[in-house]
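Visitor: sequence plus predicted model, see below.
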Amino acid sequence: MTDTSPPHDSVPRPPGDAAAPHRRSLLGNLLRGALIGVVETVPGVSGGTVALVTGIYDDLIASGHHLTAALRAVVTGPHRLSRARQELAAVSWRLVIPLLIGMATAVLTVAGPIGHLVQTHPRSMRALFLGLVAGSVLVPVRLSGGGWRLPELLRFGAGVLGGLLLTSLPVTALEPSPWIVAPAAAIAVCALVLPGVSGSFLLLSFGLYQPTLQAVDERDLGYIAWFGLWACVGLVVIVRLMRHLLVRHHRGTMVVLAGVMIGALRSLWPWQGADGTLAPPGPDWLGLLGIAVAGVLAVQLLVLLEARRTATAVPAEGARRVDSADGADG
């Protein structure tokens, strides 16, 4: 069964799933960005998961697509300026700018404390984020439209396997030289786009997690600028790929992402050694189970609040458009 949607400008959504309004509160977008920034500092948790849960995933991918298209227009032409202006006008700046400000603020202020908590309370932190990610899996399942058949189940299984493989990478201690940081940054930034794939976990596997957090904490501008440059390169590639998949194969993409999120839970198993080997539950299993359940409930509460906000915002936006049309007719 081919999962193909007509090529149009907006990312398709499954039947019955209301499109998210384009106008969101600036404060809400700042908080969304802060959440993404916080989780990006935690191994095993993806900023893409937060974007998916808070209802901005499709709009964020679409805006990223238009930004990269504007850059390509400037570089390749023809009609460089006019095409770039057209693409930039399609970007949801009301979403992108506060989101970036919130992310940068969170990363610059909490990178050190979060790294400290992960080091001093590893089991509790992994249990918390295990619950948060597990509670988020229902979001791509719902966005896929449900009613999975054999093709969807096979895609889901492939996603689970991919998540397991990514989170089973051996930890490698690499010297943080510029030519090691460059590809690591380009690969790790994929976590901003792919729910379930953690950029911090990939950096940890490359042996660059602590050097990167230390560079942010100490404001090492040279390291940060080089890392950011190659992160942008990786982001351009993955955004264009995900835009294509969401437009052409929205249902199948959501099914695969749900599988990746399930498989990636391996990295958040509370009982594991320093080298990532898994161990059976210890005597503290009951307390950690409670922390994980609290994480699941927190995500479900967030999903419920986002759904209610969307349900009330969409009719209000429609009413404003009707009033504007009536005013124009008058």
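Guide: Nice, I can see it.

Visitor: which residue ranges form the helices in the stretch 151-300 of the chain?
Guide: Per DSSP state H, counting those that start in this stretch, the stretch 151-300 of the chain carries helices over the ranges 178-188, 199-206, 209-217, 221-248, 250-263, 285-329.

Visitor: looking at the ones you listed, which is closest to G47?
Guide: helix 199-206 (7.4 Å; CB to CB). In short, each C-beta sits where N, CA and C put it, glycine included.

Visitor: can you put the helices of the stretch 151-300 of the chain in CSV and add mean neighbour count and mean pLDDT?
Guide: Formatted as CSV, these follow (neighbours: other CB atoms under 10 Å; pLDDT from 0 to 100):
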stretch, mean neighbour count, mean pLDDT
helix 178-188, 19, 84
helix 199-206, 25, 75
helix 209-217, 19, 80
helix 221-248, 17, 87
helix 250-263, 25, 90
helix 285-329, 13, 72
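
Visitor: what about those helices, which gets the closest to R126?
Guide: Once these are compared by CB to CB, helix 285-329 is nearest, at 8.3 Å.

Visitor: one step back: make a markdown table from the helices of the stretch 151-300 of the chain and add distance to G162 to it.
Guide: Output for these, formatted as a markdown table (distance: least, CB to CB, whole Å):
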| stretch | distance to G162 |
| --- | --- |
| helix 178-188 | 14 |
| helix 199-206 | 13 |
| helix 209-217 | 21 |
| helix 221-248 | 14 |
| helix 250-263 | 6 |
| helix 285-329 | 22 |
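
Visitor: which of those helices sits closest to V110?
Guide: helix 209-217 (9.9 Å).

Visitor: now for the closest one, which elements pack on it?
Guide: Other helices and strands packing on helix 209-217, by 3 or more CB pairs under 8 Å, 6 or more residues apart in numbering; DSSP states H and E, are helix 93-120, helix 199-206, helix 221-248.

Visitor: same list (the ones you listed) but as JSON lines, adding distance to F156.
Guide: Formatted as JSON lines, the helices and strands packed on helix 209-217 follow (distance: least, CB to CB, whole Å):
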{"stretch": "helix 93-120", "distance to F156": "29"}
{"stretch": "helix 199-206", "distance to F156": "21"}
{"stretch": "helix 221-248", "distance to F156": "15"}
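
Visitor: closest to L52 out of the ones you listed?
Guide: Nearest to L52, of those and by CB to CB, is helix 221-248 at 11.5 Å.

Visitor: give me the buried positions along stretch 139-159.
Guide: Within stretch 139-159, the residues that count as buried by 16 or more other CB atoms under 10 Å are V139, P140, V141, R142, L143, S144, G145, W148, E152, R155, F156, G159.

Visitor: torsion angles phi and psi at the residue most central in space within the chain?
Guide: Central residue of the chain (CA atoms, centre = their mean): G48, 0.7 Å from the mean position. Dihedral angles of G48 (phi, psi; degrees, to the nearest 10) stand at phi -60, psi -30.

Visitor: can you name the residues that contact the residue lying closest to it once chain neighbours are set aside?
Guide: Among residues not flanking G48 along the chain, P195 sits closest, at 4.1 Å (CB to CB, 6 or more residues apart in numbering). By CB atoms under 8 Å, 6 or more residues apart in numbering, the contact set of P195 is S46, G48, T49, A51, L52, Y57, S136, P140, L257, V260, M261.

Visitor: any idea how far the residue nearest to the last one when sequence neighbours are not counted is from S82?
Guide: So the one you mean is M261. Counting by CB to CB, 6+ apart, M261 lies nearest to G196, which is 3.5 Å off, once chain neighbours are set aside. According to CB to CB, to the nearest Å, G196 stands 39 Å off from S82.
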